[in-house]
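S.K.: return a 3D structure for these sequence lines:
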Amino acid sequence: GKKSLRQKVVDELKHYYNGFHLLWTDTKVAARMVWRLLHGQVLTRRERRRLLRTCADLFRLVPFLVFVIVPFMEFLLPVFLKLFPQMLPSTFETESKREEKLKKKLNARLELAKFLRETIAEMAKRNKADSG
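M.R.: Next up, the predicted model:
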């Protein structure tokens with residue numbers, strides 16, 4: 001059924017709490033990685049990607065905090081998210097947004113694979129015609 005206004009507000013507050021909690025955890029892990037880097041250890045590719053994602057999330061957090069701190073500005077947040085979809089830190093993304101991104105990425109890869117397959121088939125035809 002339809003949720004009440006109170007339940008919607010509680011759900012949004014839980015979403016933001018969980019997002020900030022995940023960002024805090026990621027920041028602590030990233031700080032340990034930086035400490036390891038400063039002491040000469042090498043990061044794995046996975047750790048490096050996580051460190052870069054966390055740094056990007058921290059830089060995205062600054063404009064996001066303006067919307068949270070300034071009174072009544074959170075009503076403009078959906079408008080800015082439509083204009084700048086990558087403005088929100090990754091820890092605040094909902095599962096549906098994440099799935100939508102993955103679907104777009106998969107479709108782009110499928111289109112690229114189709115193009116490459118057609119190109120290779122055309123090149124094979126040319127080579128066969130040249131040799132025959």
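S.K.: residue closest to the middle of the chain?
M.R.: Residue closest to the mean C-alpha point of the chain, counted by CA atoms, centre = their mean, is residue 90 at 4.8 Å.
S.K.: nearest residue to it in space, ignoring adjacent ones along the chain?
M.R.: residue 57 (5.5 Å; CB to CB, 6 or more residues apart in numbering). All C-beta spots, glycine's among them, are computed from the backbone N, C-alpha and C.
S.K.: how about the stretch of helix or strand the one you found belongs to: buried residues?
M.R.: Taking DSSP states H and E as the criterion, residue 57 maps to helix 45-69. Across helix 45-69, burial judged by 16 or more other CB atoms under 10 Å covers 47, 50, 51, 54, 57, 60, 61, 64, 67.
S.K.: what does that helix contact?
M.R.: 16, 23, 26-27, 29-30, 33-34, 43, 73-74, 76-77, 80, 86-92 (CB atoms under 8 Å, 6 or more residues apart in numbering).
S.K.: and it, what's its mean pLDDT?
M.R.: Average pLDDT, helix 45-69: 89.
S.K.: please apply the same query to stretch 19-36.
M.R.: 94.
S.K.: buried ones in that stretch?
M.R.: Quick answer for stretch 19-36 (16+ other CB under 10 Å): 19, 23, 26, 27, 30, 33.
S.K.: roughly how far does the second one sit from residue 57?
M.R.: Read that as residue 23. For residue 23, the distance to residue 57 (CB to CB, to the nearest Å) stands at 6 Å.
S.K.: which one's the longest helix in the chain?
M.R.: helix 95-131 (DSSP state H).
S.K.: ok now that helix, how far from the chain's centre?
M.R.: Once both centres are worked out by CA atoms, centre = their mean, to the nearest Å, helix 95-131 turns out to sit 24 Å from its chain's centre.
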